[in-house]
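In: give me a 3D structure for the following:
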Amino acid sequence: MTTDHYIPPQPMDARMNGVVRWLANHGINLAGAQTLTVTGRKTGTPQQIPVNPLLFEGSEYLISIRGRTQWVRNARAAGEGQLRRGRRTRHVALAEVAAEQRAPIIHRYLDKWGWEVGRFLPDGLAADASEAQLAEHAAQIPVFTVVAQGPAVR
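Out: Numbers count the residues shown, from 1 in each chain. Predicted coordinates:
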């Protein structure tokens, strides 16, 4: 199974991301969305993307159903970022979860947001995929553990 999976945002996706990011930045909770800011690995400038953090079995995760996106590449390079909703900003460490541990996390994520992100799954997967099916494709779907680095800043 190849680990290369990337579905770039289409123009409508980019516009929706802008709207969701604006809402999250203004404190409006739209299906749990927050704004992730990571430093660009090439430009060194902050890059922002709306994300849906998942709380699962006592930990918080970021999942990239679209695959090896720009935010994933930047998070791998930086190892840290900020999560923001409204005036609350948290500085966080981002540690990638090993592929063999991802399936239950992805499964829970799809239970919660599959209606929104199912179309971005790798070929051969659907939003209602079993954990076993997800395990076969887990290397294609990056998952990061979110670890707070100090108190939230307002």
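
In: not counting its neighbours along the chain, what's nearest Y61?
Out: L54 (4.7 Å; CB to CB, 6 or more residues apart in numbering). (Glycine included, C-beta is placed from N, CA and C.)

In: go ahead and confirm that neighbour touches I106.
Out: No - counting by CB atoms under 8 Å, L54 stays clear of I106, with 9.3 Å between them.

In: R84 is in contact with H91, correct?
Out: No - at 10.2 Å, H91 and R84 do not qualify as touching, with contact defined as CB under 8 Å.

In: looking at those two, which one has more neighbours?
Out: In this view H91 and R84 are compared by other CB atoms under 10 Å, and R84 has more residues nearby, 20 against 15.

In: could you measure from the more buried one over to M16?
Out: Counting by CB to CB, to the nearest Å, the gap from R84 to M16 is 18 Å.

In: what's the answer for G79, then?
Out: Counting by CB to CB, the separation of G79 from M16 is 28 Å.

In: do you know how far D128 is from A99?
Out: For D128, the distance to A99 - CB to CB - is 21 Å.

In: now E136: which helix or strand?
Out: Using DSSP states H and E, E136 falls within helix 131-137.

In: any stretches of the protein with poor pLDDT?
Out: 1-3, 154 (pLDDT under 70).

In: thank you, goodbye.
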